[in-house]
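S.K.: Kindly generate the corresponding structure for this input.
(one chain, ligands or ions: 1)
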Amino acid sequence: MDNWQELAEFLIEKRVAPQGITDRRILEAMKAIPRHYFIPPGLQKYSYEDIPLAIGEEQTISQPFIVAKMTELLALKEGDKVLEIGTGSGYQAAILAEMGMQVTTVERIETLALRAREVLRQLSYNILSIIGDGRNGYPDNSPYQGIIVTAGAPKIEEAWLDQLADQGRLVVPLNTEIGICRLCVIQKKKAGEKITYQKTWHDYCRFVPLLPGVKNKTRMQN
Ligand code: SAH
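M.R.: Numbering: from 1, shown residues only. Below you'll find the predicted structure:
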């Protein structure tokens, strides 16, 4: 795909930005990343449309607008530590790394995690990829300034709140009674011994479900 940069420019400036994404760091990072690398060969021709796409194992790479929106809601600074639950294709993790964050990403399906690692390595991103159940977060690298859950969650896990830094934000699509998810942001605030959480609600969206456990027994890191 020789003209991908042109296609990415159109997608980001004409499709994603006009939906209200104003953080130029996000838009520039998304333009710098070849989204087609994260998509199976048969579907690569749709890589620069603002749509989710199948990546195998009944999972999807999210719609670029939603990726941008969730990244904006994280409101991170360069160098911040961020945990992603649901590596999937690795695209969201690549954007965070491109923006200068220290990224840890957790995936429960080994085949997807291994494929994502390979693509992220090809693109020279230094990301810690874990195969595990992201409902537990990943305490070893906590606290995180941001935690982003990229699968539809039935509830907020205590582990995510525990692993947030003071002022850190959790961005999570929560299941709602109408059958689709709604983006929820929870910011942690510490005042001495007292911890409070401030919750705000944002866009409605569709996500594959957050599921329990790991799909393959082996646990590997790179
Ligand atoms: N962020 C991804 C899209 C994620 S799709 C991207 O940029 O491509 C959601 C992913 O979450 C799927 O790969 C699914 O296997 C994974 N997932 C679901 N439940 C999980 C859990 N408990 N722990 C870790 N990953 C999970």
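
S.K.: And the pLDDT at the spatially most central residue of the chain?
M.R.: With distances taken as Cα atoms, centre = their mean, the chain has Q92 as the residue nearest its mean C-alpha position (4.3 Å). Looking at Q92, its pLDDT reads 98.

S.K.: One more: Q221?
M.R.: In this model, Q221 carries a pLDDT of 51.

S.K.: repeat for R121
M.R.: 98.

S.K.: go on, G88?
M.R.: Reading off the model, G88 has pLDDT 98.

S.K.: how far away is it from the ligand?
M.R.: 3 Å (Cβ to the nearest ligand atom, to the nearest Å). Quick note: C-beta positions are derived from backbone N, CA and C, even for glycine.

S.K.: Who's the closest spatial neighbour of that residue, skipping the chain neighbours?
M.R.: Distances taken as Cβ to Cβ, 6 or more residues apart in numbering place Q59 nearest to G88, at 5.6 Å, with adjacent residues excluded.

S.K.: Now do the contacts for the one you found.
M.R.: 88, 109, 112, 208 (Cβ atoms under 8 Å, 6 or more residues apart in numbering).

S.K.: With respect to A153, which of the residues you listed is nearest?
M.R.: V208 (11.1 Å; Cβ to Cβ).

S.K.: Next up, the contacts around that closest one.
M.R.: Listed by Cβ under 8 Å, 6+ apart, the contact set of V208 reads 58-60, 151-152.

S.K.: please redo it, this time with the cut-off set to 10 Å
M.R.: 52, 57-60, 62, 86, 88, 150-152, 173 (Cβ atoms under 10 Å, 6 or more residues apart in numbering).

S.K.: What is the nearest of the contacts of Q59 to N216?
M.R.: Nearest to N216 out of the contacts of Q59 is I109 (Cβ to Cβ; 7.4 Å).

S.K.: Look up how far M99 lies from the closest residue to D80 other than its chain neighbours.
M.R.: Take D80 and drop its neighbours on the chain: the residue closest to it by Cβ to Cβ, 6+ apart is Q145, 3.8 Å away. Applying Cβ to Cβ, to the nearest Å, the value for Q145 to M99 is 12 Å.

S.K.: Mind listing the shared neighbours of these two?
M.R.: Counting by Cβ under 10 Å, 6+ apart, the residues touching both Q145 and M99 are 74, 76-77, 79-80, 82.

S.K.: still on that earlier bit, what's the farthest-apart pair in the contacts of V208?
M.R.: Pairwise distances across the contacts of V208 peak at 18.9 Å for E57 and P173 (criterion: Cβ to Cβ).

S.K.: Compare those two (neighbour count), which wins?
M.R.: P173 (28 against 15; other Cβ atoms under 10 Å).

S.K.: Helix, strand, or coil at that one?
M.R.: Here P173 is recorded as strand under DSSP: H, G, I helix; E, B strand; the rest coil.

S.K.: show me what contacts it?
M.R.: Contacts of P173 by Cβ under 10 Å, 6+ apart are 62, 66, 70, 86, 148-153, 180-184, 202-208, 210.

S.K.: max-length helix in this structure?
M.R.: Ranked by residue count under DSSP state H, the longest helix found in the chain is helix 110-122.

S.K.: Could you list the contact residues of this protein toward the ligand?
M.R.: 59-62, 85-86, 88-89, 91-92, 106-109, 112, 133-135, 150-151, 208, 210-211 (Cβ under 6 Å from any ligand atom).
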